[in-house]
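**Student:** could you look at this predicted model? Sequence included:
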Amino acid sequence: MLGALTGDIVGSIYEWNNIKTTVFPLFQKECRFTDDSVLTVALAESILTGEPYAALMRRYCRRYPDAGYGGKFLSWAQSDDAPAYQSYGNGSAMRISPAGWAFDNLDQVLQKAKEYSAVTHDHPEGVKGAQATAASIYLARSGAAKKEIETFVAGRFGYDLSRSCDEIRPGYSFDVTCQGTVPQALTAFLESTDFESAIRLAISLGGDSDTLAAITGGIAQAYYGGVPAAIAAETLRFLDEPLRKVTLEFEARFVSGRTDQKKGDRLLFDFKK
């Protein structure tokens, strides 16, 4: 989860000012948390407390009205009883990382990702983006190799992961759909060598930079055994106290000690677990 917040904050200044390189200062004073972080923390609180996610999303949206929500989501959040609105936007994937940590088998992760995304994003592509992201986090923290994660995601969800970052980058532009964001974010993770390089690769693609990096960062945290301490400290510094409190509580309960720390080759993963 903290990896997703890191990606959001680092990428926040590049969403409307894309940078097509991996060479840039990781944190800058203009960085901020956006709706990606707000709604991720709202999901974490829902999992921690059992309070319905829809109610918490609305409450968080009203508490942080200037976080940068999409228009349809904002209309939904400002109503007390609006139904889901058939969205296939990448919002379902950007906020789903807690679901990849909190549940104990792949089937449950997939089911919960569907439930949490369908509150607003009930279009099949919106659900698929959330499931692919949450499943990748679960597999990564459970010891799956990158090739296994790639094979599972491509086979289960039909995403084309054959193009490299270098092939994607030149022609890639702003895209708020799941199908135009999740495969690219996954590719950045697959090509990375450590947590920081994953964030840098995601942002270097351009497009919806904070959301791309949030998705990539969530998976990278799980695969690489955490967020490096110095980066984690900077991320937490950009959060306000309520967001920081929920983040630390969730990390302590569901994340600490739940990643495979083996260096080098990752474990072969049994997808029937």
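**Tutor:** Sure thing, it's come through. No experiment lies behind these values; they were computed from the predicted model shown. Residues are numbered from 1 along each chain as shown.
**Student:** so L239 is in contact with V246, correct?
**Tutor:** No - if you go by CB atoms under 8 Å, L239 and V246 don't touch, sitting 9.2 Å apart. Placement of C-beta: from N, CA and C, glycine included.
**Student:** now do stretch 90-108, average pLDDT.
**Tutor:** Averaged across stretch 90-108, pLDDT comes to 97.
**Student:** buried sites along it?
**Tutor:** By 16 or more other CB atoms under 10 Å, the buried positions in stretch 90-108 come out as 90-103, 106.
**Student:** nearest to E191 among these?
**Tutor:** Nearest to E191 among the buried residues of stretch 90-108 is A93, at 18.6 Å by CB to CB.
**Student:** not counting sequence-adjacent ones, nearest residue to that closest one?
**Tutor:** The shortest distance from A93 to any residue other than its chain neighbours is 4.0 Å, reached at G129 (CB to CB, 6 or more residues apart in numbering).
**Student:** quick one: mean pLDDT over the helix or strand encompassing that neighbour.
**Tutor:** Using DSSP states H and E, G129 sits in helix 124-141. Helix 124-141 shows a mean pLDDT of 98.
**Student:** gap between it and the chain center?
**Tutor:** The chain centre lies 9 Å from the centre of helix 124-141; the measure is CA atoms, centre = their mean, to the nearest Å.
**Student:** show me what counts as buried in the following helix or strand past that helix.
**Tutor:** Downstream of helix 124-141, the next assigned helix or strand under DSSP H and E is helix 146-157. In terms of neighbour count (16+ other CB under 10 Å), helix 146-157 has its buried residues at 146, 148-150, 152-154, 157.
**Student:** which two in the buried residues of stretch 90-108 are spaced the farthest apart?
**Tutor:** G91 and L106 (23.1 Å).
**Student:** moving C-terminal of the helix or strand containing R237, what's the next helix or strand?
**Tutor:** Using DSSP H and E, R237 falls within helix 229-238. Under the assignment DSSP H and E, the closest C-terminal helix or strand after helix 229-238 is helix 241-250.
**Student:** low-confidence stretches in the chain?
**Tutor:** Low-confidence segments of the chain (pLDDT under 70): 258-273.
**Student:** now the most centrally placed residue in it: how far from K72?
**Tutor:** Taking CA atoms, centre = their mean, the centroid of the chain lies closest to I215, which sits 3.0 Å from it. From I215 over to K72 the distance is 20 Å, taken as CB to CB, to the nearest Å.
**Student:** same thing with Y64?
**Tutor:** Separation of Y64 from K72 (CB to CB): 17 Å.
**Student:** R63 now?
**Tutor:** 20 Å.
**Student:** who has more neighbours, those two?
**Tutor:** The residue with more neighbours, out of R63 and K72, is K72; 16 against 13, by other CB atoms under 10 Å.
**Student:** which non-adjacent residue is nearest that one?
**Tutor:** Excluding the flanking residues, the one nearest K72 by CB to CB, 6+ apart is Y85, at 5.5 Å.
**Student:** ok, now which ones touch the one you found?
**Tutor:** For Y85, the contacting residues are 72, 76, 120, 122, by CB atoms under 8 Å, 6 or more residues apart in numbering.
**Student:** in the helix or strand harbouring the second one, which residues are buried?
**Tutor:** Under DSSP H and E, the secondary-structure element containing W76 is helix 71-77. Residues of helix 71-77 classed as buried under the neighbour-count rule (16+ other CB under 10 Å) are 72-73, 76-77.
**Student:** of these, which is the nearest to A232?
**Tutor:** F73 (28.0 Å).
**Student:** T177 against Y88, yeah?
**Tutor:** Yes - using CB under 8 Å, T177 is in contact with Y88, at 5.6 Å.
**Student:** which neighbours do the two have in common?
**Tutor:** E125.
**Student:** which one's more surrounded, those two?
**Tutor:** Counted by other CB under 10 Å, T177 and Y88 do not tie: Y88 has more neighbours, with 20 against 16.
**Student:** not counting sequence-adjacent ones, nearest residue to that one?
**Tutor:** Spatial nearest neighbour of Y88, excluding adjacent residues (CB to CB, 6+ apart): E125 at 3.6 Å.
**Student:** and the one you found, what does it touch?
**Tutor:** 88, 177-179.
**Student:** next: S192.
**Tutor:** Here S192 is in contact with 198, 201, 216, 220 (criterion: CB under 8 Å, 6+ apart).
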